[in-house]
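**Q** Fold the stuff below for me.
(2 chains)
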Amino acid sequence: MAAVKEGKGINLTTPQALLIHPPGLVRRGISFIKELQRGGRLTSAAIRLIGTLATKEVVELNRDETERFLRGETLEEYRGGGVWVIVRYRGYPLGGGILSSRGLIPQLPKAVRSITHLPP
Amino acid sequence: MTGREVPYPPAFIERYSELLGDELEDFLEALKRPLRRSLRLNTLRGEIEELKERLSYLGLEPVPSLKYAFYTSHPAPGSTLEHYLGLYYIQEVSAMLAVPAMDPKPGERILDIAAAPGGKSTQICQHMENRGVLVANEPNPARRVILTGNLERMGCAMATVTGMDGRYLRPPPLYDRVLVDPPCSSEGTIRKNWSALVDWSEGLHRRFVHIQRGLVKAAANLLKPGGVLLYSTCTFAPEENEGVVSWALERLPLTVERVSIEGFEVREGVVEFRGERYSEEVKHCVRIYPHLTNTGGFFIARMRRLEE
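**A** Next up, the predicted model:
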């Protein structure tokens, strides 16, 4: 794999992709880190890729919490000092969240609204 | 009147009576039957057996000879967490047959000249194990957003997205293989989308042939000597299928190779339709008919750029 700067972030691609310069180039690879100017954060695509491997700053939810989290609710059961965490359900990485004093605040893309069925 | 009660246009029946003869009735009946939902397990996200086990609740039934393809009885496969995470892609079975026929290999340079929404592009990345490069081209900005979303969802790090009208792509000849799956009259999607019949008219295919020829010409010029051009459509119209291939063989440094599809009863390309004669080589192409395979309709031609 190779990294390439893309806008305000970094994408993951292949070394071979960096060797060609096709006309009408829009983007290379998949997004991995965004908001570099603010220190950088993993993207949703990055979380899908490596979220199952994370061992620190991870919150595992139960089914009810997952349904609420995907709906965009702040989960008051989980509180912290403003740490960004990876949120999982049964080992599946759902996305990112911020553990704040108010609770776990979802940091999810709009595409999660398509999820209406969780695994049994 | 529901979609499936819309009568077939008389001109549609006349055309395909000429092509299919006494199979016409079976063909027309098959087009009315609902299509079985199918999906492709994403081997970029895990091994097939592991994914099968995780997704067993989707009611998976294997598709013959495509190890990652399954029919599903789940009522909403596009609404699951696993779909969002890219563990599978919802794709019609006949459409899945093009990429194996092209046979992309890890490490190669591939161009998908009309890539949106990304079904075949993501399938190419799977076959290539994310090694090499795929240029996924799509000129329409709205469709390109969908394409990019699918490439991200499925973890296709080897994909580079471009936004050109494919007909105007010029050498140098960079690619080992080019997929040309162009806009077409989509007759083969009637089972999934009845509006393809509602919108059908006799001259519809003429609108697309011009674009299809332009894309094939550009693709041939972008291929390395010995490279493979895979031409596929989801229509039954010979003008858009064998007609385009025949046109290409007359003008471009291409030859046709036999397409072999295991596990499905397919038909060879037709050499004549409505007084128009096509190259004998189109017999090496493949026609996929719903009444034979219980899938959508499809056409596949595999061509090779001649060595200089």
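**Q** Quickly note the distance from A:W84 to chain B.
**A** In this view, A:W84 and chain B are 20 Å apart by CB to the nearest CB, to the nearest Å. The way it works is simple: take the backbone N, C-alpha and C, and place the C-beta from them, glycine included.
**Q** So chain A: which segments form each domain?
**A** Using automatic domain parsing, the domain ranges for chain A come out as A:1-42, A:53-120.
**Q** export those domains to a markdown table and tack on mean pLDDT and mean neighbour count?
**A** Formatted as a markdown table, these follow (pLDDT from 0 to 100; neighbours: other CB atoms under 10 Å in any protein chain shown):
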| stretch | mean pLDDT | mean neighbour count |
| --- | --- | --- |
| domain A:1-42 | 92 | 17 |
| domain A:53-120 | 94 | 16 |
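**Q** Dump those domains into TSV; add distance to B:R287 as well.
**A** Listed next are the domains of chain A as TSV, based on distance: least, CB to CB, whole Å:
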stretch	distance to B:R287
domain A:1-42	33
domain A:53-120	35
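**Q** Which part of chain A gets nearest to chain B, residue-wise?
**A** Per CB to the nearest CB, A:G24 is where chain A lies closest to chain B, at 3.7 Å.
**Q** Could you measure from the residue nearest to that residue when sequence neighbours are not counted over to B:L254?
**A** Sequence neighbours aside, B:M164 is the residue nearest to A:G24 in space, at 3.7 Å (criterion: CB to CB, 6 or more residues apart in numbering or on different chains). Computed as CB to CB, to the nearest Å, the B:M164 to B:L254 distance reads 22 Å.
**Q** swap in B:N294?
**A** 32 Å.
**Q** next one: B:P77
**A** The gap separating B:P77 from B:L254 is 38 Å, by CB to CB.
**Q** residues from chain B in reach of chain A?
**A** B:54, B:57, B:74, B:76, B:78-86, B:107, B:109, B:130-133, B:135, B:137, B:144, B:148-149, B:151-153, B:155-164, B:169-170, B:174 (CB under 8 Å from any CB of the partner chain).
**Q** Can you turn the buried part of the residues you listed into a ChimeraX selection?
**A** In ChimeraX syntax, the buried subset of those is picked out as below (16 or more other CB atoms under 10 Å in any protein chain shown):
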select /B:54,74,80,81,82,83,84,85,86,109,130,131,132,133,135,137,144,148,151,152,153,155,156,157,158,159,160,161,162,163,164,169,174
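**Q** What about the residues of chain B next to chain A, which are in helices?
**A** The members of the residues of chain B next to chain A that map onto helices under DSSP state H are B:R54, B:L81, B:E82, B:H83, B:Y84, B:R144, B:T148, B:G149, B:L151, B:E152, B:R153.
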